Every structure is written in structure tokens, then in C-alpha cells.
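A.B. asks: Coordinates for the following, if possible.
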Amino acid sequence: MKDAFDRIWDLALPYQDQRDDPGHAEITLHYAKTLVESENGNPDVVLPAIILHDVGYSQLTKERRLKVFDRDLKDEERRVVQREHEEAGVELARQILEGMSYPADLTGEILEVISQHDTRKGFISRNEGLVRDADKLWRFSRRGFDTGLKRRPGEAPRMIERLQSDLEKPDYIYSETARRMAREELDARRAERYIDQPLRFFMDRLASKSPEPGGGSVAALVGALGAALVSMVANLTLEKEKYVAVQAQIKALLEESETLRTDMQDLMQKDTEAYRALSEVYRMNRDTEGERAGRNARLQDALKKACEVPLEIGAKSLGVARLAQRAAEIGNVAAVSDAGVAVLLARACAEAAALNVKINLNKIKDVGYSRETWARMQDVLVGVSNLEAAVIELTYKKLATGMA
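C.D. replies: Residues are numbered from 1 along each chain as shown. Predicted coordinates for the structure are as follows:
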């Protein structure tokens, strides 16, 4: 039946991943294959059902299909949208399966699974349970978790708590294999938020064979350290009688530096997420013409997204350098060396970000995009370099005159 599955995949491809959740179809199919083998499911039912289970969303408007993620939406309203996509999915799946003369008895079971895969209470069969398990495992997966995080920025701890709570419900997961896989994935998600882990964890992971975290995350970390040093200078200047004339400016400086520090910390994770997304595209199947077309279509987009994060890191580094200059000019002179170190870190951050932009630009075919993106990065490098020179000169001047 492999040829039949490939045909179903090709026919369903235009209707897949319609909720800003790229990779959902491929990843849930991977889970389904594992579950079928481990739990003695029928692949002739489970695999077509998981391929087709969400195609109904393609028949809804974008506004309508994304409404299910609205946290303020009432449960009954969410259920209405889910039923709409289930009903549309059944009809679209029927057209695909009957159009390729898939066995009628199998088609009937597949359509029954799809008909209430989001809204049915309890499980009606092993095959249906395995399909729903594979679908739910998406939320625990690295890609699914990152997709959810994009909709809920900064809410990783809350998302992990919610997944743990769902996993503890006796009727949430059908199979023991899926429950074990969900636990393993959840443990992995807990370990991946680097900013919330001990420094040693990040350093050990960085030194390992794992391709992430890499230079982009390190660039963001260095930028965050630079911003933190600016905050330190500001905090050492606050409420000091000697600096009463600049208290308002120092408070503004501290607010800006803390905002930048938070941004850089978030970018540590975002760079890792962008790399993972690109890696997943590289790992996409290329066995069929449809799979190759899908992979090629996503690769250039993934490369551009992989450029955007280090480009943003670079832009933030310029902000850190500007704040370091202000800290050196009006901050506590006893901490002027820390302002100097902050601008050096901003420069290192910018240069590291530029390298990560460039390595992705080299693979992008859109010449105009590459030229414009690299020009923006060059502007950042020039700006940071000029600020570095000015701040270091001022820092050494204050140190030499004994002001510090």
C-alpha cells in the first residue's frame, strides 16, 4: 500500500498545514507510523487518516481556522469551528479516497475517524485512538511546541504546565506508547528553554555534538550580557547624590537596557527555533515528486527566516552599543569600565550575528533579498564599530584621569 499512501500524501499536500503550523502533517505522520508498529494498528486506516485528518481547515477562511487558538474563545464556540473543519475534512477526504478508488470498507473507517477526531469524547477503536494520539503528540513535539510559543510568546512555562496537566488526564491519550512518547517529548521541552536552565547546562549543550544551540544563540547571549552590564551601571548610579541631576535619564536608561536584555534572551531561543525549522526542511522526505516539490518550496522560505533572527540580534546589538555610550557618559564613573565591556560585547554580538546572516544568505537564490539584507547588516556593523571606538576612548580617558 506504500504507493497508495504516497498518492494520498500528494493529493492532500495542497490542503495541509493551513493553520500557520508548517510540519504538522509530516510530523503527525511520523508519529502515526511509530504507533501503528508498536500498537498493532492497521496502517491502511491509520496512515491515510492522519494524512487527511486536518485537510478540512483548508476549506475555512484563515480568520476562521485560526480562531481556535483565540484564548478568549468560549469552548462551545471553539467546538463549532472544530466541527466545521471536521465536516469539511470528511468531504474532502472522501473525494480524494474515492477518486483514487481506495477500498470502500477502509474509506468508511477513515472517514469515521476524521469525522470527530477533535470533538469526540472517548475512543471508538484502536485505529481511531492511534490517529488521535499522533495528532496530540504534535503539541509535545519540538516543532509543535515552538509553533505554540509563537502564538504565546514568553509562555513556555505555562505551556509546559498545560501539557503536563493534559497528559495526566486518563482519557487524553489512548495508547501506552503515545503516553511514553509524550512524556519523553515533554522532558525534552523542559530542557530546551536555555535561559531558564543553569549556565552549565547551556555550556555543556553548546560544547556537545548537537548543532544547536550555536553561534546565533551565543550572539544573543553576548548581547544580553552587554545589556545586563548597562543595567548594572544604571543601578549603581540610581539614588546617588552625586548623580542627582541625571536620575531621570538613568531611570530611562535602565528601562531601555532591561527591555533589550529581555529581547536578547528571547532571541537566544528564537535562533534555536529557526535553526530547527530549517533542519526539519532539510530532513523532509524526497522520495516522491510531490515531496520534492514541497521541500523545495519551503527551503528558501526557511532560509530567509533563519536570516531574520540573527539580523534582529544585530539590530539589537546596535541598541546595546548606544546604551553603553550613554552609560559611559552619565553613569557612575566607578563603573565606567563596565560600560566599556558592554560596548565590546555589543560589537562581538554584532559580528557574530553578521556571520550567521551571511551563511544563510549564501544559499538564498533571491539576489535582491540577499543584497538588501546584507546591506542592513553592514549598516549595523558600521554603527556598532563607530560606537565601540567612541565608548572605549571615553572609558580609557576617564580611567586615565582618575575619574573612576
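
A.B. asks: Do a quick rundown of the helices in the stretch 51-200 of the chain.
C.D. replies: For the stretch 51-200 of the chain, the helices defined by DSSP state H, counting those that start in this stretch cover 62-66, 75-99, 104-115, 126-140, 142-151, 156-168, 176-192, 199-207.

A.B. asks: So for the helix or strand bottoming out on mean pLDDT in the chain, what gets flagged as buried?
C.D. replies: Counting by mean pLDDT, DSSP states H and E, the chain has its least confident helix or strand at helix 62-66, which shows a mean of 79. Within helix 62-66, the residues scored as buried using 16 or more other CB atoms under 10 Å are Arg65, Leu66. C-betas here are computed from N, CA, C, even on glycine.

A.B. asks: next one: stretch 199-214
C.D. replies: Phe202, Arg205, Leu206, Glu212, Pro213.

A.B. asks: Hmm, which of these is lowest in pLDDT?
C.D. replies: Among the buried residues of stretch 199-214, Glu212 carries the weakest pLDDT, at 78.

A.B. asks: And it, its phi and psi?
C.D. replies: The phi/psi pair for Glu212 (degrees, to the nearest 10) reads phi -140, psi 140.

A.B. asks: Next: His53.
C.D. replies: Torsion angles, degrees, to the nearest 10, at His53: phi -60, psi -30.

A.B. asks: wouldn't it be in contact with Gly89 here?
C.D. replies: Yes. In this structure His53 lies within contact range of Gly89 using CB atoms under 8 Å: 6.7 Å.

A.B. asks: quick one: common contacting residues for those two?
C.D. replies: Both His53 and Gly89 are contacted by Ile114, under the criterion CB atoms under 8 Å, 6 or more residues apart in numbering.

A.B. asks: and those two? which has more neighbours close in?
C.D. replies: Higher neighbour count among His53 and Gly89: His53, with 27 against 24, using other CB atoms under 10 Å.

A.B. asks: Domain map for the chain?
C.D. replies: 2-190, 210-399 (automatic domain parsing).

A.B. asks: Go through the ones you listed and pick out the most buried.
C.D. replies: domain 210-399 (a mean of 20; mean count of other CB atoms under 10 Å).

A.B. asks: Tell me how far that domain lies from the chain's centre.
C.D. replies: 18 Å (CA atoms, centre = their mean, to the nearest Å).

A.B. asks: do the same with stretch 21-33
C.D. replies: 16 Å.

A.B. asks: same deal with stretch 198-208?
C.D. replies: 20 Å.

A.B. asks: switch to numbering from 12
C.D. replies: Got it, first residue is 12 now, which makes that one stretch 209-219.

A.B. asks: Any chance you could list what contacts that stretch?
C.D. replies: Counting by CB under 8 Å, 6+ apart, Ala202, Tyr205, Pro224, Gly225, Ser228, Val229, Leu232 sit against stretch 209-219.

A.B. asks: The closest residue to Val257 other than its chain neighbours and Thr248: what is the separation?
C.D. replies: Leaving aside its sequence neighbours, Val257 sits nearest to Ile341 (CB to CB, 6 or more residues apart in numbering; 4.6 Å). Ile341 sits 8 Å away from Thr248, going by CB to CB, to the nearest Å.

A.B. asks: quick one: Leu178 and Arg191 touch, right?
C.D. replies: No. Leu178 is beyond contact range of Arg191, at 10.6 Å (criterion: CB under 8 Å).

A.B. asks: show me what contacts the nearest residue to Ser69 once chain neighbours are set aside?
C.D. replies: Among residues not flanking Ser69 along the chain, Tyr26 sits closest, at 4.0 Å (CB to CB, 6+ apart). Contact analysis of Tyr26 by CB under 8 Å, 6+ apart lists Val66, Tyr68, Ser69, Leu103.

A.B. asks: Distance-wise, check Tyr26 relative to Cys360.
C.D. replies: 42 Å.

A.B. asks: likewise Val56?
C.D. replies: 52 Å.

A.B. asks: for Glu323, same thing?
C.D. replies: 11 Å.

A.B. asks: what does Ala230 give?
C.D. replies: Applying CB to CB, the value for Ala230 to Cys360 is 5 Å.
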